[in-house]
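Q: Model the structure of this input:
(one chain, ligands or ions: 3)
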Amino acid sequence: MTRTIRFRLNEALHEIEVREESLALDWIRNEAGLKGTKEGCREGDCGACLVLLGGRNPDGAVEWRSVTSCTLAMGELDGKHVVTIEGVSSAGLTPVMEAMLDEGASQCGFCSPGFVLALTGYLVSGARIDPVEAMVAVEGNLCRCTGYGSIRRAASKLAGAFAELPAASADRIELLAERGVLPPALAALMLQPPEPVGADGASGSVAGEGPVLGGGTDYFVRNPDPEPGLAPRFVYQSADNRFIKATTRDGRPWVEMGAATNATDFFTSPVVRAAAPGIERFEADVASPPIRNRATLAGNIANASPIADMTAMLIALRAEIRLAGAGGERVVALEDFFQGYKKLDLLPGEVIAGIAFPADWSRFAFEKAAKRDRLDIATVNCAVAVRQSADGTIEAAAYAAGGVAAMPLRLRELEDAMTGARPSAELARTIGTLAAKAGSPMSDVRGSSTYRTRLLERLAWAACTRLWPELRLEEDLLS
Ligand SMILES: Cc1cc2nc3c(=O)[nH]c(=O)nc-3n(C[C@H](O)[C@H](O)[C@H](O)COP(=O)(O)OP(=O)(O)OC[C@H]3O[C@@H](n4cnc5c(N)ncnc54)[C@H](O)[C@@H]3O)c2cc1C
Ligand code: FES
Ligand code: FES
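A: Numbers count the residues shown, from 1 in each chain. Ligands and ions are numbered 1, 2, ... in the order given. I've put the predicted structure just below:
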């Protein structure tokens, strides 16, 4: 579907008609002729196509995040500002580039624009500035020739040089312009996103037919060159669909979220962190920063992968989803939404409109075994949430596992074994034994059925040691 959008690319304002489902990467390279945005994997994996995306968040504040332009639809750009390497470097070498040069962090240079933008975006974003976080910012970038030691040194150097950045985004962007990280003219524009043309007459609502687009991080990997007429519906177009709020039901605290809530919103939300204490420790287990900046929870659920990480987490929080369609709205427990491999309880035209879960958990843990430590999909994952009384008794437990059946599972037998018990190594062993009996793992390239069964047990042990670190359960379990 075509529509007119207004967006800024670096310092230039554009108002053009675009095919909503065409990719920003292609437009930037082929129409705008900015070849510094590279095409590597075209699957969100390598970071060569990274750009900075600015706009107003649902509260109206200016927000800047790094995103992969190979998974970014042109239809998303209405009212947005895109900054590429050409925009950042228009006034010459920046301190980010100098740090990379000084440390020898570039050889062939193909990946370098992506690294420079990831680090620039990190300074702009308002995240905590330290060497560890600076390396997290480049977790979505691959370099095939330099080796990461020099990149780590450059990131660390920058973290030292910019340790004290103001919290308010306007002050921070102004200071980054003063210190040469951003060209001053560009920095001034970064504080004023353009007015959108608006969704009138476009596919701006969830009503209608056809696939719904969330952040596009699964959709565009499957459809790298979407056919005209595929016409996904754009959930993102409505800020109303991106929110996280604390509510109550029958006097009990709950969290409610809109379908366009993305992984970064979720893991950084104080409401979510209070509802599931410890959940923020597992943010880095899900994809990379530029993917998390776009990946919605609803997309993670509707993609229906048996190893979807956020789906496992949400099942363990006993989430329910609100489905909206022509026949009105209905609510289903998340685990009941899955009916078989990629088979969902979703009627034609229906969409996930919201997600909600009880907010009175005491502790939360997630475990994931994959071939790579970071930026890989799970072989097996599990998530567990517990509510404990003052004396430590487990009053309620919820346990989910992925990668061991055609769909994500909620393991009620484990939950029953945990409820009423006190945490101990013996309980961890019981949970591990029950977990190993759950599911019917298949053998595939990521692991044999035997290996997955073993993982179910060991991930259950690991989850228990993570839930109750003060008990040092590992000393008993591994002795
Ligand atoms: C490099 C990379 C790394 C990744 N790493 C991980 C990882 O570690 N763990 C993990 O779990 N996933 C990972 N993913 C997968 C992906 O990022 C997530 O599944 C993400 O949450 C999908 O959300 P999205 O908004 O991008 O979905 P989209 O791609 O927009 O949509 C996915 C599917 O859901 C449907 N859909 C979207 N929104 C709705 C809705 N509201 N109602 C009904 N249907 C809807 C779409 O039609 C589509 O079929 C990774 C992806 C990439 C590219
Ligand atoms: S081209 Fe590799 S992440 Fe986009
Ligand atoms: S410098 Fe060649 S890929 Fe990184």
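Q: In the record's domain split, what are the boundaries for this structure?
A: The chain breaks down by automatic domain parsing into domains covering 2-190, 242-477.
Q: of those domains, which approaches L213 most closely?
A: The minimum distance between L213 and the domains of the chain falls on domain 2-190, with 6.4 Å, by C-beta to C-beta. Where you see a C-beta, it was placed from the backbone N, CA and C, and this is true even at glycine.
Q: Figure out the length between the terminal residues of the closest one.
A: One end of domain 2-190 sits 27 Å from the other (C-alpha to C-alpha, to the nearest Å).
Q: ok so, going back, okay if I get the domains of the chain as a markdown table plus mean pLDDT and distance to ligand 2?
A: Shown next, in a markdown table, are these (pLDDT from 0 to 100; distance: least, C-beta to the nearest ligand atom, whole Å):
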| stretch | mean pLDDT | distance to ligand 2 |
| --- | --- | --- |
| domain 2-190 | 96 | 3 |
| domain 242-477 | 94 | 8 |
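Q: would you turn those into JSON lines with distance to ligand 3 and mean neighbour count?
A: Compiled in JSON lines, the domains of the chain are given as follows (distance: least, C-beta to the nearest ligand atom, whole Å; neighbours: other C-beta atoms under 10 Å):
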{"stretch": "domain 2-190", "distance to ligand 3": "3", "mean neighbour count": "20"}
{"stretch": "domain 242-477", "distance to ligand 3": "16", "mean neighbour count": "19"}
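Q: Nearest to ligand 1, out of the ones you listed?
A: When these are compared by C-beta to the nearest ligand atom, domain 242-477 sits nearest ligand 1, at 2.1 Å.
Q: Would you convert the domains of the chain into TSV that also reports distance to L213?
A: What follows is the domains of the chain, written out as TSV (distance: least, C-beta to C-beta, whole Å):
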stretch	distance to L213
domain 2-190	6
domain 242-477	8
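Q: Turn those into a markdown table, columns for distance to ligand 1.
A: Output for those, formatted as a markdown table (distance: least, C-beta to the nearest ligand atom, whole Å):
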| stretch | distance to ligand 1 |
| --- | --- |
| domain 2-190 | 3 |
| domain 242-477 | 2 |
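Q: The stretch 151-300 of the chain: helices as residue ranges?
A: Along the stretch 151-300 of the chain, counting by DSSP state H, counting those that start in this stretch, helices occupy 169-178, 184-190, 219-222, 263-268, 270-275, 289-292, 297-302.
Q: go on, the stretch 301-450 of the chain?
A: Going by DSSP H, counting those that start in this stretch, the stretch 301-450 of the chain shows helices at 309-316, 334-337, 412-418, 425-437, 449-467.
Q: Columns distance to A154 on top of these, output as a markdown table?
A: As requested, the helices of the stretch 301-450 of the chain are exported to a markdown table (distance: least, C-beta to C-beta, whole Å):
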| stretch | distance to A154 |
| --- | --- |
| helix 309-316 | 30 |
| helix 334-337 | 42 |
| helix 412-418 | 46 |
| helix 425-437 | 42 |
| helix 449-467 | 33 |
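Q: Y399: which of those is closest?
A: Taking the helices of the stretch 301-450 of the chain one by one with C-beta to C-beta, helix 412-418 is closest: 4.5 Å.
Q: ok now the closest one, how far from the chain's centre?
A: Here helix 412-418 is found 29 Å from its chain centre; the criterion is C-alpha atoms, centre = their mean, to the nearest Å.
Q: ok, and what's touching it?
A: Residues outside helix 412-418 that contact it (C-beta atoms under 8 Å, 6 or more residues apart in numbering): V386, I394, A397, A398, Y399, L427, T430, I431, L434, A435, A438, A460.
Q: Residue most distant from the centroid, this structure?
A: S479 (37.1 Å; C-alpha atoms, centre = their mean).
Q: so what's that one up against?
A: Contacts for S479 (C-beta under 8 Å, 6+ apart) come out as none.
Q: Look up how far ligand 1 lies from it.
A: In this view, S479 and ligand 1 are 33 Å apart by C-beta to the nearest ligand atom, to the nearest Å.
Q: So for that residue, what's the pLDDT?
A: Looking at S479, its pLDDT is 87.
Q: Please name the nearest non-neighbouring residue to the residue nearest the centre of the chain.
A: Nearest to the mean C-alpha position of the chain, counting by C-alpha atoms, centre = their mean, stands R292 at 2.1 Å. Distance criterion C-beta to C-beta, 6 or more residues apart in numbering; nearest residue to R292, sequence neighbours excluded, is A263 at 3.9 Å.
Q: what sits against the one you found?
A: By C-beta under 8 Å, 6+ apart, the contact set of A263 is E283, V286, A287, I291, R292, N293, A295, T296, L297, N300, M310.
Q: thought the last one was touching L297?
A: Yes. Applying C-beta atoms under 8 Å as the test, M310 and L297 come out as touching, 5.4 Å apart.
Q: what is in contact with these two at once?
A: A263, F266.
Q: ok now do A356, which residues does it touch?
A: By C-beta under 8 Å, 6+ apart, A356 lies in contact with T247, W254, V255, E256, M257, A319, E320, I321, R322.
Q: how close does the closest residue to Y122 other than its chain neighbours sit to R472?
A: In this structure, Y122 finds its nearest non-sequential neighbour in A137, 3.6 Å apart by C-beta to C-beta, 6+ apart. The gap separating A137 from R472 is 33 Å, by C-beta to C-beta, to the nearest Å.
Q: same question, D345
A: Distance from D345 to R472, by C-beta to C-beta: 42 Å.
Q: same deal with V62?
A: Going from V62 to R472 by C-beta to C-beta gives 46 Å.
Q: Could you do S424 as well?
A: Distance, S424 to R472, by C-beta to C-beta: 11 Å.
Q: With P408 instead?
A: Going from P408 to R472 by C-beta to C-beta gives 31 Å.
Q: Same check on D336?
A: Distance from D336 to R472, by C-beta to C-beta: 37 Å.
Q: Mind pulling up the pLDDT for V212?
A: pLDDT, V212: 88.
Q: Just to check, S22 is in contact with A73?
A: Yes. The criterion here is C-beta under 8 Å, and S22 meets it with A73 at 7.2 Å.
Q: wait, what's in contact with the spatially closest residue to A436 that is not a sequence neighbour?
A: Nearest-residue entry for A436: E457, 4.1 Å, with adjacent residues in sequence omitted and distances by C-beta to C-beta, 6+ apart. When contacts are counted by C-beta under 8 Å, 6+ apart, E457 touches G432, T433, A435, A436.
Q: Please apply the same query to S112.
A: By C-beta under 8 Å, 6+ apart, the contact set of S112 is M100, A105, S106.
Q: Let me know the closest of the residues you listed to A365.
A: A365 lies nearest to A105 out of the contacts of S112, by C-beta to C-beta, at 35.7 Å.
Q: That closest one looks like it's in a helix, true?
A: No. Counting by DSSP: H, G, I helix; E, B strand; the rest coil, A105 is not found in a helix; it is coil.
Q: Hmm, it is touching S150, no?
A: Yes. Using C-beta under 8 Å, A105 is in contact with S150, at 4.2 Å.
Q: hang on, isn't E63 packed against K80?
A: No. Taking C-beta under 8 Å as the definition, E63 is not a contact partner of K80, at 10.3 Å.
Q: Overlap in contacts, these two.
A: If you check E63 and K80 against C-beta under 8 Å, 6+ apart, the residues they both contact are G54, G55.
Q: Stretch 29-40: end-to-end distance?
A: End-to-end distance of stretch 29-40: 13 Å, with C-alpha to C-alpha as the criterion.
Q: start at 55 instead
A: Got it, first residue is 55 now, which makes that one stretch 83-94.
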